[in-house]
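A.B. asks: okay, predicted coordinates and the sequence, questions at the end:
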2 protein chains.
Amino acid sequence: MECTEKTASEKAEPLVSSRGEGGRSAASRAQILASAAKLFREQGYVATTLRQIATEAGIQAGSIYYHFASKDDILIEVLDAGIASVSNAVRARVANLPPTATHRERIRAAVLGHLLGLLRHGDFSSASIRTYGQISVALKKRHRPIREDYARLWDEMIENAQKAGEIRADIPAKTMRLYLLGSLNWTVEWFNPRRGGVQALSENICDLVFDGISPEAGPLMKC
Amino acid sequence: MECTEKTASEKAEPLVSSRGEGGRSAASRAQILASAAKLFREQGYVATTLRQIATEAGIQAGSIYYHFASKDDILIEVLDAGIASVSNAVRARVANLPPTATHRERIRAAVLGHLLGLLRHGDFSSASIRTYGQISVALKKRHRPIREDYARLWDEMIENAQKAGEIRADIPAKTMRLYLLGSLNWTVEWFNPRRGGVQALSENICDLVFDGISPEAGPLMKC
DNA sequence: CTCGTTCCAAAACAAACGTTAGATAGAGTA
DNA sequence: TACTCTATCTAACGTTTGTTTTGGAACGAG
C-alpha cells in the first residue's frame, strides 16, 4: 500500500547473500523455508503463523522479515521448490531410460518418480500440493507458470503414448492427466510411512493406474 | 475457557426449534450452513470469516451465535452433512440395483454415485473433502465416526468383489479404497462444470478406475 | 394492552494476526 | 580504537479475528 523506500538507497541491487553462495545467512533462510514447508504441509497456509514458523526455525517472528518481504513470498518459494522437486525427479527418471523404452515405460517411470518425490522428500512438494487449492488467485497467478510447465510434460507423454496406441485413446489426454495426477497427489493425504514402504505402495498404485481394479486376465471376462 | 452459565436457566433443554420442525429460524440456520459450505469449499475453513458467512447469509456476524455455539460447530455440521450426502447418494444407487447385479456393477454404481453426489450437489460434500485435511485433530475426532462408516461401506464392497474374483486381489483392499476414493475426491480440485458435462466425465473416470489407462483390447491381450 | 419469547442488529471485547521500527550484539575492516 | 555491516531481538503498530453483550423489533397468547 505505502511507498516503502529506504531513506538512503545508493546500491540498487543489495543482493541476497553478502559473500559467496553459502553465506552465513543463507542457512537461516533455508531453515525458515524448511520450517515453513513443514508447517504448511501439516496445517495449510492460512492456519500457519509467522510466529510458528519462527519458533520452528529457532528465531523470532520479526527476524523473518530480514530474509523475506512477506508471508506470501515465503509461500511462493515453497510452492515453486515443491513442484521443481517432483518435476526434477520425474525428468531424471525418464531421462535415465534407454532410448528403446516404450511410451508406457516412460509413463511408468514418471509415475514412480512423481510418487517417490512426493512421499520421500516430502515437505516442499506435499505443501505445494496441499496448499495450492486454498490460496488467492493473485498467488496462483505468480505460481502458475511452473505448474503449467509440469503439466505440459505429462500432456506430451500421454499424447505421444496415445498416438502410438500404447494407452487408450478414447479419453481426452487432459482428462487423463488430471485423473492420473490427482490419484497420485491424493496419496499425501493418507500415506503413512510407518505402514508399509514407499516403494511397495508406489508400485501398487502404478499398477492400478495402468490396469485399473479389474483382474489381470479375467477368467470370466466379458468381451 | 470461562464458565458461561446463563443467569436464570430453569429449562435444562431449550431444544433447537421452538415450534414444529419448520420453525421460523430454521430457515436462517439452513441459510447459514449453506453459505458456510459454499465459502468453505471455495476458500477453506481457516480462510473463511464469520463475517463473510454472515454477509453471504444476509445477516450480521454476531447473529450467527444465536444458531451456533462456535465456528467449529458450523464446520462439524457442514462436514457431517457433506459425507452424509454422498453416502446417501451411493447407498441409494447401490440399493436400486437388481438383486442379480454383480459386484462390479455395484462398485460402478457406487463410483458414479460418489462422483455425481460430489460434483452436482456439491457445496457440502466438496467442502467436507477439501477442508478435512486442514482441520485440527480435535475436530477430526468429532467427525471421524461418520467418515469411518462411509469407508467401511467401500471396504465391504471391495472385499466382496475380490473374494468373488471380479476385481484383482493382488492389492490390499484398503490401498485400493484409498486410491479409488482419492481419485474421485481430487476431481473437486479441478472439475469445471462449464467444460463438459458431469455425466460424461463421471463415466470417463469410471472407465479409468476399472481398466486403467491401458488400451481396452491391447495387442497382447485379446479375448 | 401486556407479557414473554423468538430472532437478530449493533457495538464492543480480548486475543492473535502480519508487519514495522528501533535497538543491539558480533564480526570484519581500516 | 573507531566505524560499518550483518543478523537478530524486542516491542509495538493497526487490523482482523472469533466471540460476547446489550437492546429492541416482531409476534402470538392471555
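C.D. replies: Now that the structure is in, tell me what you want to look at.
A.B. asks: return the set of buried residues in the longest helix anywhere in chain A.
C.D. replies: Assignment by DSSP state H gives helix A:137-163 as the longest helix of chain A. Buried residues in helix A:137-163, defined by neighbour count with 16 or more other Cβ atoms under 10 Å in any protein chain shown: A:139, A:143, A:146-147, A:150-151, A:153-154, A:157-159, A:161-162. Placement of C-beta: from N, CA and C, glycine included.
A.B. asks: near DNA strand C at all, that helix?
C.D. replies: No. Shown here: helix A:137-163 not in contact with DNA strand C (Cβ under 7 Å from any atom of the strand), separated by at least 11.7 Å.
A.B. asks: list the residues that contact the residue in chain A positioned nearest to DNA strand C.
C.D. replies: Relative to DNA strand C, the nearest point of chain A is A:Gly62 (2.9 Å; Cβ to the nearest atom of the strand). For A:Gly62, the contact set (Cβ atoms under 8 Å, 6 or more residues apart in numbering or on different chains) is empty.
A.B. asks: against A:Ser35, how distant is it?
C.D. replies: To A:Ser35, A:Gly62 is 15 Å away according to Cβ to Cβ, to the nearest Å.
A.B. asks: and the helices in chain A, which stretches?
C.D. replies: Per DSSP H, chain A carries helices over the ranges A:24-43, A:50-57, A:64-67, A:71-95, A:103-119, A:122-132, A:137-163, A:173-185, A:187-190, A:198-211.
A.B. asks: contacts for stretch A:87-107, please.
C.D. replies: A:109-110, A:112-114, A:116-117, A:146, A:149-150, A:153, A:157-158, A:160-161, A:164, A:166-167, A:210, B:213.
A.B. asks: what comes up buried for it?
C.D. replies: For stretch A:87-107, burial by neighbour count (16+ other Cβ under 10 Å) applies to A:Ser87, A:Ala89, A:Val90, A:Arg93, A:Val94, A:His103, A:Arg104, A:Arg106, A:Ile107.
A.B. asks: check what pLDDT the last one gets.
C.D. replies: Right, A:Ile107. The model reports A:Ile107 with a pLDDT of 95.
A.B. asks: the third one now?
C.D. replies: Among the per-residue scores, A:Val90 holds a pLDDT of 96.
A.B. asks: how about the first one?
C.D. replies: Among the per-residue scores, A:Ser87 holds a pLDDT of 95.
A.B. asks: residues from chain A in reach of DNA strand C?
C.D. replies: Chain A comes close to DNA strand C at residues A:4, A:48-52, A:61-62, A:64-65, A:69-72, as judged by Cβ under 7 Å from any atom of the strand.
A.B. asks: now, of those residues, which are buried?
C.D. replies: Neighbour-count burial (16+ other Cβ under 10 Å) is assigned, among those, to A:Thr48, A:Leu50, A:Gln52, A:Ile64, A:Lys71.
A.B. asks: tell me which two of the residues you listed sit farthest apart.
C.D. replies: Of all pairs drawn from those, the greatest distance, 12.2 Å, lies between A:Thr48 and A:Ile64 (Cβ to Cβ).
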